[in-house]
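**Student:** For reference, the sequence and a predicted model appear below.
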Amino acid sequence: MSKPLRRRPAVWIAAALVALLLSRALPGWLLGPVLEAYRVTDAPLIANVVATGRVETPSRVTVGSEIVGTLAERLVGEGDRVTAGQIVARLRADEPAARVREAEAALAQFIARERPAAQASLREAEARLAQAEREATRQRELAGRGLIARQSLERADEALAVAKAQAERARVAARAAATGGTDETLLQQRLETARSLLAKTEIRSLVDGVVLRRLAEPGDVVGAGRGIVELARDGDTEVVAQVDERNLGTLAVGQTALASADAFPDRRFDAAIRFIAPAIDAQTGTVEVRLVVPRPPEYLRQDMTVSVDIETGRRERTLSVPSDTLREVRGDRARVLAVRDGRVTPVEVRLGLRGLGRTEVLEGLAADDTLLPGNVTVAPGARVRARLTD
């Protein structure tokens, strides 16, 4: 009797171990494996489209010279702000300045010498004409009384005709030389042309903007076809983004967005869709979207890389599920695996808005339903235990 009694503790230990193993394995056999799962929520939902783009200004302007010349100095560099009318560069002005001085001297000489000379010539010609008229009258009287030969009368008439022609020429010259006359006008125009040429040696910007690039350096010969600086013209700043064509149906002009530059990811600024391209890029499968930035931050730069988060829809309250629970998505239809009464149940659902990580469900599910992730392989009707995760 003593040996069986000594064996009982070992039997009890073995039985306890078997019972322990059974207690741990039995729920899995009877209730199925433990799988992570998600809960259908009834909460606000925002649908978004995320894309990457670059900062662009509406236009770039190249500032250059209208005349050929040597660049003497460039007064602005990259990043400088320029206003309309501001001088950005100067050409060598020796020859144009000399032409201005020459034209000024010619006008001054005309006023001081040629105009008085023309007036004096007119007075002299008119005096000779008066004398010729008197002589012709006297010769006619004498010829009428037969006191002189006919040849004397003919010579007097010829002298009168010459005097009249000379007086007329003097009048024409005096009118041209008078104030506002053609001679003075031509000299004024010549002076204005010379001054305009001199003014063109100072290169001015016609618009407000910021200098992007220097295109010429002092000593370079510049002229038509070669710029001196390139400006980003002031105006509405835009972000040009390439959006996946699959999102085209959710985009619309006027939709708002939040954007952030890759260099300043923590600083976000507002934007709104201004333009959606009418065509798709066949090589990339994207559509160009332009967003206007009404209040661009001061750190924003031309060609800077920007991420945009476009709001394409909003629900104040709706049923939604994690997007990675969706299987066999076909347009607005998909299939999910729900856990109901401990068993896997396939459910067909109708989809609505699609946000970042969550998708609206319009039909097929109720709040607090439990869903399995889309990457889990499990047979419909199988027993499982759901472990909810955030």
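**Tutor:** Perfect, thanks for sending it.
**Student:** hey, where'd the helices end up in the stretch 101-250 of the chain?
**Tutor:** 115-144, 150-177, 182-199 (DSSP state H, counting those that start in this stretch).
**Student:** and stretch 362-380, how far apart are its ends?
**Tutor:** Terminal residues of stretch 362-380 are spaced 23 Å apart (Cα to Cα, to the nearest Å).
**Student:** Same question for stretch 238-252.
**Tutor:** Start and end residues of stretch 238-252 are separated by 16 Å (Cα to Cα).
**Student:** What mean pLDDT does the strand or helix carrying residue 71 get?
**Tutor:** Assessed by DSSP states H and E, residue 71 sits inside strand 69-74. Averaging pLDDT along strand 69-74 gives 93.
**Student:** in that strand, what's buried?
**Tutor:** Under the neighbour-count criterion of 16 or more other Cβ atoms under 10 Å, strand 69-74 has 69, 71, 74 buried. (Glycine included, C-beta is placed from N, CA and C.)
**Student:** Leaving out chain neighbours, which residue sits closest to residue 313?
**Tutor:** residue 47 (3.9 Å; Cβ to Cβ, 6 or more residues apart in numbering).
**Student:** now for the helix or strand the one you found falls within, which elements pack on it?
**Tutor:** In this structure, residue 47 sits in strand 41-56 according to DSSP H and E. Helices and strands touching strand 41-56, as assessed by 3 or more Cβ pairs under 8 Å, 6 or more residues apart in numbering; DSSP states H and E, comprise strand 237-244, strand 286-293, strand 305-322, strand 343-354, strand 358-363.
**Student:** Where does the prediction get shaky in this structure?
**Tutor:** For the chain, the stretches flagged by pLDDT under 70 are 1-31, 58, 390.
**Student:** Repeat the analysis, applying 50 as the threshold.
**Tutor:** Where the chain drops to pLDDT under 50, the residues are 1-3, 5, 19-23, 25-26, 28-29.
**Student:** can you list the domains in it?
**Tutor:** According to automatic domain parsing, the chain comprises the domains 35-58+235-390, 60-92+201-233, 94-198.
**Student:** returning to what we had before: so what's the gap between the very next helix or strand once past the strand holding residue 47 and the chain middle?
**Tutor:** As assigned by DSSP H and E, the chain's next helix or strand after strand 41-56 is strand 60-64. On the basis of Cα atoms, centre = their mean, to the nearest Å, strand 60-64 sits 13 Å off its chain's mean C-alpha point.
**Student:** Dump strand 60-64 to CSV, restricted to CA.
**Tutor:** Output of strand 60-64 as CSV, limited to C-alpha atoms (Å, rounded to 0.1, in the frame of the first residue of the first chain):
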residue,chain,number,x,y,z
ARG,A,60,7.9,86.0,-64.3
VAL,A,61,9.3,89.2,-66.0
THR,A,62,12.7,89.6,-67.6
VAL,A,63,14.0,93.2,-67.3
GLY,A,64,16.4,94.2,-70.0
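**Student:** what helices or strands is it leaning on?
**Tutor:** strand 227-233.
**Student:** partners of the strand it packs on, with directions?
**Tutor:** Strand pairing for strand 227-233, using DSSP bridges, gives strand 60-64 (antiparallel), strand 209-214 (antiparallel).
**Student:** Tell me if residue 265 really is in a helix.
**Tutor:** No. Secondary structure of residue 265 (DSSP: H, G, I helix; E, B strand; the rest coil): coil, not part of a helix.
**Student:** residues near the nearest residue to it once chain neighbours are set aside, how many?
**Tutor:** Once flanking residues are discounted, residue 265 sits nearest to residue 307: 7.8 Å by Cβ to Cβ, 6+ apart. For residue 307, the count of nearby residues is 18 (other Cβ atoms under 10 Å).
**Student:** Tell me which residues touch residue 307, please.
**Tutor:** By Cβ atoms under 8 Å, 6 or more residues apart in numbering, the contact list for residue 307 reads 50, 51, 52, 53, 259, 260, 262, 265.
**Student:** Most neighbours out of those residues, which is it?
**Tutor:** Neighbour tally across the contacts of residue 307 (other Cβ under 10 Å): the maximum, 24 neighbours, falls on residue 259.
**Student:** Could you give the bridge partners of it?
**Tutor:** When assigned by DSSP bridges, residue 259 has beta-bridge partners residue 269, residue 308.
**Student:** these two touch, right, it and residue 293?
**Tutor:** Yes. At 7.2 Å, residue 259 counts as touching residue 293 under the criterion of Cβ atoms under 8 Å.
**Student:** Show me the common contact partners of those two, please.
**Tutor:** Each of 239, 269, 270, 271 lies in contact with both residue 259 and residue 293 under the rule Cβ under 8 Å, 6+ apart.
**Student:** Residue 365 versus the residue nearest to residue 313, what's the distance?
**Tutor:** 18 Å (Cβ to Cβ, to the nearest Å).
**Student:** Equivalent analysis for residue 95, please.
**Tutor:** From residue 95 over to residue 365 the distance is 85 Å, taken as Cβ to Cβ.
**Student:** The residue lying closest to residue 86 once chain neighbours are set aside: neighbour count?
**Tutor:** Spatially, and ignoring its direct neighbours in sequence, residue 86 is nearest to residue 205 (5.4 Å; Cβ to Cβ, 6+ apart). For residue 205, the neighbour count with other Cβ under 10 Å is 21.
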